[in-house]
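Student: how would this look folded up:
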Amino acid sequence: MNLEIQDKNFTAKVIEVINGDSLTVKMNNGDYKKIFLASVRPPRQVDTEIIAREQKMRARPLYDIPYMFEAREFLRKKLVGRKVNVSVDYIQPPNQGYPEKICCTVVCAGIDVGEAIISKGLGTAIRYRQDDDQRSSHYDELLSAEERAKKKGAGLHCKKEKPNLRVTDISGDIPKAKQFLPFLQRAGKMEGLVEFVASGSRVRLYIPRETCLITFLLSGIDCPRGKRVISGTEVPSDPFGNEATLFSKEALLQREVEVEVEMMDKGGNFIGWLFVEGQNHSISLCAEGLAKVHFTAERSSYFKALTTAEENAKSENKGLWSVYEEPAELSLENEPEERSINHLNVIVTEVTDDGNIYCQHIESGPQLEKLMEQMRSELKSNPPLLGAYIPKKGDICAAKFTDDEWYRARVDRVDKNKFSVTYIDYGNKDVVPLISVGTLPSIYHSLPPQAKLYSLACVKFPTDEDAIGDAVETLERDIMNRQIMINFEYKVGNQQHVTAAFPDTKEDVAQSLVSEGYLLVEKRPEKRLQKLVLSYIKSQEKAKSTRMNIWRYGDITEDDAKEFG
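Tutor: Next up is the predicted model:
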């Protein structure tokens, strides 16, 4: 590869030290580039599977291979966050599945980084054939540095037993996390090293005091998440999720920080406050409009600083607030004093991840059954030809489900030969291959989609991800595939909000979840809803007093009963 003069010599900021010979740098134009130290070999890889088997833990080369951690740390302390001068010496082409490597001489504050790490015995100079000129422009200096390290018996050249760094990996290990929690809570502020940034508010930390690795979540904020892959499926970024992740990477990655552990979630992740150079990172994210204040922050000493940062970001239209729209004011003219009760019988066919429910109206059940029977009979006798129909986003088509039966579906997303669909008569979603979709005969378009989407009225879900999961799981367990009675209460935008009750016991579904500490009461201005809201508040107070679920750590909201009269 031929490089232009300006590409061979440049200045960049070191963002991450990947290994004893490789760095990630940020160019002046904002691009990120991975570079390697020319002619430098880091501590050699050994059979880490054998090490892992002997130690009965998963392989972690950084900690298991002698001097690899020391080499990384030497470079990290010298380089991360600093400007370096880079001169490209050669490009190593792809080889045996390994990608192309840009090999460079890196100079920081007048010191050749490659020469420095070799002189400490934390790397060696690569040996070449005499006719191979693809090497560092300072190769002789590297050889001299290695000879000096050998004479001193430094690092890799030491005759003593190699250092063994015993690190306990707690990430995702719930029993171990429970054992460590009391020690971490009692420690107060302690030093940590950010090894990985998963999102704006989720990092992987090395705690030297306890020689352990933990997953750490930032307290007090609701931070959007970037693009990620879950069970092989790519989940798109939340609005400003990628920006939040990038902000935290630049501020935290491989930086020495201080942390205060407050609690642990059910997945074995620790939750608390993180400080970099004395600055609370939760506040920094709010100040940039890359996070919102979470209601759990109300009981912390940082609540005022968080809300001030959020208000400033909001006034400057930063980040999330640049696209934020204030909720529309409800018109309360001619508002009736009493609720209108007109129950409708439905079957719950789906509960969404955010707690909304899809229902089929009982009265239209026979019509749907007849349509499905005719449609399946026709598609069975005349099955769709593979490749004859390529669905597009928004199409109403026929799609098979896991039971191998055909259903009416809407195409939500197309990804090569896979199609994300919503089954319009039930509300559930799936990703299906091309072989499982076909043209829906026009006669079966006439019946409107039978799955109607509703939200529960006068309640709201907690914003904590785990708490939402618990609430949705309980709601699904209570009402999925069951007949309930719904009553239309109000509309927000196009979304209809309903109360729901069981026909036999007349028990209110939402009130039951509030009393069990899964949902919060939502303030409503309508006069006709005040009796309902007050009954919900009584259930919420009961859940608070018995510390049910979201209230188990105490009151997470201010007493606002007076606002309801």
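
Student: For residue 122, see how far away residue 155 is.
Tutor: Taking Cβ to Cβ, to the nearest Å as the criterion, residue 155 is separated from residue 122 by 5 Å. Where you see a C-beta, it was placed from the backbone N, CA and C, and this is true even at glycine.

Student: which of those two has more neighbours?
Tutor: The residue with more neighbours, out of residue 155 and residue 122, is residue 122; 26 against 23, by other Cβ atoms under 10 Å.

Student: For the more buried one, give me phi and psi.
Tutor: phi -110, psi 20 (degrees, to the nearest 10).

Student: That one against residue 43, yeah?
Tutor: Yes. Using Cβ atoms under 8 Å, residue 122 makes contact with residue 43 at a distance of 7.0 Å.

Student: circling back: list residues touching both of residue 155 and residue 122?
Tutor: 67, 70 (Cβ atoms under 8 Å, 6 or more residues apart in numbering).

Student: got the residue ranges for the helices in the stretch 351-500 of the chain?
Tutor: 365-381, 465-479 (DSSP state H, counting those that start in this stretch).

Student: Just give me the neighbour total for residue 229.
Tutor: Neighbours around residue 229, by other Cβ under 10 Å: 8.

Student: Let me know the secondary structure of it.
Tutor: Recorded secondary structure, residue 229: strand (DSSP: H, G, I helix; E, B strand; the rest coil).

Student: separation between it and residue 527?
Tutor: Taken as Cβ to Cβ, the span from residue 229 to residue 527 is 49 Å.

Student: and what of residue 65?
Tutor: For residue 65 relative to residue 527 (Cβ to Cβ), the value is 70 Å.

Student: So for the two, which residue has more residues nearby?
Tutor: Legend: neighbour count by other Cβ under 10 Å for residue 65 and residue 527, higher for residue 65 (21 against 14).

Student: And the more buried one, how far from residue 44?
Tutor: 7 Å.

Student: Show me how the chain divides into domains.
Tutor: 5-157, 168-322, 345-445, 452-564 (automatic domain parsing).

Student: most centrally placed residue in this protein?
Tutor: In the chain, the C-alpha nearest the mean C-alpha coordinate belongs to residue 225, at 4.6 Å (Cα atoms, centre = their mean).

Student: who touches both of residue 122 and residue 43?
Tutor: 20, 67, 71, 156.

Student: just the strands in the stretch 1-150 of the chain please.
Tutor: Taking DSSP state E, counting those that start in this stretch, the strands of the stretch 1-150 of the chain run over residues 9-19, 22-26, 32-37, 40-41, 83-92, 101-108, 111-112, 124-125.

Student: I'd like the ones you listed laid out as CSV, including mean neighbour count, mean pLDDT and distance to residue 307.
Tutor: Formatted as CSV, those follow (neighbours: other Cβ atoms under 10 Å; pLDDT from 0 to 100; distance: least, Cβ to Cβ, whole Å):
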stretch, mean neighbour count, mean pLDDT, distance to residue 307
strand 9-19, 18, 92, 31
strand 22-26, 20, 93, 32
strand 32-37, 19, 93, 34
strand 40-41, 21, 92, 49
strand 83-92, 17, 92, 36
strand 101-108, 21, 93, 41
strand 111-112, 16, 93, 46
strand 124-125, 22, 92, 54
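
Student: Tell me where the stretch 351-500 of the chain has strands.
Tutor: Under DSSP E, counting those that start in this stretch, the stretch 351-500 of the chain gives strands at 357-361, 396-400, 406-415, 418-423, 429-433, 437-438, 452-456, 459-460, 483-492, 495-501.

Student: Which one of the ones you listed lies nearest to residue 388?
Tutor: strand 437-438 (8.0 Å; Cβ to Cβ).

Student: which outside residues touch the closest one?
Tutor: By Cβ under 8 Å, 6+ apart, strand 437-438 touches 379, 383-384, 389, 391, 397-400, 406, 409, 411, 419, 421.

Student: What about these, which one has the most neighbours?
Tutor: residue 409 (30 neighbours).

Student: Please tell me how far that one sits from residue 95.
Tutor: In terms of Cβ to Cβ, residue 409 sits 47 Å off from residue 95.

Student: right, and the helices of the stretch 351-500 of the chain - which one's nearest residue 38?
Tutor: Nearest of those (Cβ to Cβ): helix 465-479, 44.7 Å.

Student: Now that closest one - C-alpha only, CSV.
Tutor: In CSV, the C-alpha atoms belonging to helix 465-479 read as follows (Å, rounded to 0.1, in the frame of the first residue of the first chain):
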residue,chain,number,x,y,z
GLU,A,465,-34.4,-1.7,33.1
ASP,A,466,-34.6,-4.6,35.6
ALA,A,467,-37.6,-3.2,37.3
ILE,A,468,-39.4,-2.8,34.0
GLY,A,469,-38.6,-6.4,33.2
ASP,A,470,-40.0,-7.6,36.5
ALA,A,471,-43.2,-5.6,36.0
VAL,A,472,-43.7,-6.7,32.4
GLU,A,473,-43.1,-10.4,33.4
THR,A,474,-45.6,-10.2,36.2
LEU,A,475,-48.2,-8.4,34.0
GLU,A,476,-47.7,-11.1,31.3
ARG,A,477,-48.1,-13.9,33.9
ASP,A,478,-51.3,-12.4,35.1
ILE,A,479,-53.2,-11.6,31.9
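
Student: Okay, buried residues for that helix please.
Tutor: For helix 465-479, a neighbour-count test (16 or more other Cβ atoms under 10 Å) marks 467-468, 470-472, 474-476, 478-479 as buried.

Student: ok, now stretch 133-152?
Tutor: Quick answer for stretch 133-152 (16+ other Cβ under 10 Å): 135-136, 138-139, 141-143, 145-146, 149.

Student: sorry, back to before: dump the helices of the stretch 351-500 of the chain into a markdown table; add distance to residue 250 and mean pLDDT as well.
Tutor: Listed next are the helices of the stretch 351-500 of the chain as a markdown table, based on distance: least, Cβ to Cβ, whole Å; pLDDT from 0 to 100:
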| stretch | distance to residue 250 | mean pLDDT |
| --- | --- | --- |
| helix 365-381 | 53 | 89 |
| helix 465-479 | 24 | 88 |
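
Student: so where's this protein uncertain?
Tutor: Counting by pLDDT under 70, the chain shows low-confidence ranges at 1-6, 45-60, 230-232, 325-337, 553-565.
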